[in-house]
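> Kindly generate the corresponding structure for this input.
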Amino acid sequence: MKTAMTPLLSVSNLQTHFKTPHGIVQAVNDVSFQLKKGEILGIVGESGSGKSVLAQSLMRVVPETNLCKASGEINFNGIDLMNLTPNQMREIRGASISMVTQNPSTSLNPVFTVQEQLLETLKFHPQDQIKNPRKRMLQLMTEVQLPNPELVAKRYPFQLSGGMKQRIAIAMALMCEPKLLIADEPTTALDVTIQAQLLELIKSIRNTHGTSIIVITHDLGVVAQLCDTVGVIYAGQLVEYNTVEEIFQNPRHPYTKALLDSNPVFGNKQSSLKAMKGQPPQLTKLGAGCSFADRCEQALPLCHHTPTDLIRLGEFYYHRCSVPTLDGVANL
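Sure, this is the predicted structure:
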């Protein structure tokens with residue numbers, strides 16, 4: 001029987017690997033986390049760390065062309081999505097789980113009006129409780145703060161600004177009242193004012209609808225303002241997963257600390273930011289040891305060839321590091 005504390009989404013040992021001419025790319029490598037109802041989780045990391053592939057893996061939209069391994073468990077509302085057929089996934093995708101992609105310009109069809117595209121969602125996922133689809137559409141357009149919804153609904157995507165297209169994409173994702181919304185880099189290429197408005201919009205969606213939200217970003221400022229919990233991803237693996245307060249005030253993993261040290265802070269007059277040395281590893285050449293070892297200032301000899309320990313920080317939270325810590329928490 002489900003309880004109030006049962007997570008809406010529970011991901012265990014998720015792996016997504018691709019076969020390429022240069023070897024096997026371990027894009028998502030043994031990722032585990034949980035998401036409660038109404039929680040906002042931020043997945044943060046450098047470009048190329050596996051954030052977007054993780055989002056696509058959760059939606060099960062990873063192209064099969066070069067996919068050589070997809071394993072693990074994605075338990076959504078009591079159903080393991082990894083065991084569903086493509087047709088069964090299509091019933092969930094867009095209805096119970098929706099996604100807002102990085103670039104709304106590429107997710108909106110240029111030859112259809114906004115209204116046609118928003119209402120099309122309900123054609124594929126008819127909702128009994130939505131008696132008047134057009135009324136629902138205009139209500140959502142108002143909710144996402146689009147001016148003059150009646151007029152905007154008749155326009156084509158090329159007639160809209162970047163911020164308006166992002167709002168349309170969010171409204172489209174909410175048409176079927178999903179339980180989970182995944183937003184991949186929702187503030188990319190938007191000016192600071194529009195970014196702030198979108199962050200407030202995402203918060204209001206959670207507060208109004210009780211929607212659980214996963215935000216994929218490389219912007220630590222977005223994470224600090226928006227998220228309840230944070231997963232720090234490096235080379236396809238979550239190296240730290242904790243509450244937003246703990247991540248910013250008491251980071252455990254050296255990579256998390258390095259990210260925070262390289263982030264500009266308003267009012268801090270230091271002459272230069274501290275940059276991480278080296279480059280991220282090639283995902284085709286990951287060894288048995290810690291993938292961050294070559295860039296880590298605290299690395300020990302064992303870090304380069306020994307699998308990293310998983311150190312629990314409570315019931316759900318953890319970090320991965322073999323360097324001795326003062327946490328007083330046993331390695332598991």
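
> Only C-alpha atoms from now on, for both contacts and neighbour counts.
Noted.

> mind listing what residue 236 touches?
Residue 236 is in contact with 26, 27, 28, 29, 31, 49, 50, 51, 283, counting by CA atoms under 8 Å, 6 or more residues apart in numbering.

> Longest helix in the protein, please.
Longest helix of the chain, by residue count under DSSP state H: helix 192-209.

> Restricting to C-alpha, output the following helix or strand past it in PDB.
Later in the chain than helix 192-209, the nearest helix or strand by DSSP states H and E is strand 212-217. The C-alpha coordinates for strand 212-217 follow below in PDB (Å, rounded to 0.1, in the frame of the first residue of the first chain):
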ATOM      1  CA  SER A 212       6.900  17.200  -9.300                       C
ATOM      2  CA  ILE A 213       9.600  18.800 -11.400                       C
ATOM      3  CA  ILE A 214      13.100  17.900 -12.500                       C
ATOM      4  CA  VAL A 215      15.100  20.800 -13.800                       C
ATOM      5  CA  ILE A 216      18.200  20.000 -15.900                       C
ATOM      6  CA  THR A 217      20.700  22.900 -15.800                       C
END
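
> packing partners for strand 212-217?
On a contact count with 3 or more CA pairs under 8 Å, 6 or more residues apart in numbering; DSSP states H and E, strand 212-217 meets strand 40-44, helix 51-59, strand 180-184.

> let's go with 7 Å and repeat that
strand 40-44, strand 180-184 (3 or more CA pairs under 7 Å, 6 or more residues apart in numbering; DSSP states H and E).

> now for the ones you listed, which one comes closest to residue 200?
strand 40-44 (12.7 Å; CA to CA).

> Can you give the strand pairings for that closest one, parallel or anti for each?
strand 212-217 (parallel), strand 229-234 (parallel) (DSSP bridges).

> Next, the buried residues of it.
40, 41, 42, 43, 44 (16 or more other CA atoms under 10 Å).

> still on that earlier bit, ok and the longest helix of the chain relative to strand 212-217, angle-wise?
When axes from the mean of the first three to the mean of the last three CA atoms, to 10 degrees is applied, the directions of helix 192-209 and strand 212-217 differ by 160 degrees.

> In terms of secondary structure, what does helix 192-209 contact?
Applying 3+ CA pairs under 7 Å, 6+ apart, we find helix 192-209 packed against no helix or strand.

> Could you check the angle it makes with strand 180-184?
Calculated by the same axes, to 10 degrees, helix 192-209 forms an angle of 170 degrees with strand 180-184.

> and residue 146, what element?
Using DSSP H and E, no helix or strand contains residue 146.

> Now do the phi/psi pair for it.
Main-chain dihedrals, residue 146, degrees, to the nearest 10: phi -90, psi 130.

> With the one 3 residues further on instead?
Listed backbone geometry of residue 149 is phi -50, psi -40, with angles given as degrees, to the nearest 10.

> contacting residues for it?
By CA atoms under 7 Å, 6 or more residues apart in numbering, the contact list for residue 149 reads 138, 141, 142.

> mind running it again at 6 Å?
Residues near residue 149 by CA atoms under 6 Å, 6 or more residues apart in numbering: 138, 141.

> which residue packs closest to residue 22, ignoring adjacent ones?
residue 284 (7.0 Å; CA to CA, 6 or more residues apart in numbering).

> correction: residue 178
Sequence neighbours aside, residue 96 is the residue nearest to residue 178 in space, at 4.1 Å (criterion: CA to CA, 6+ apart).
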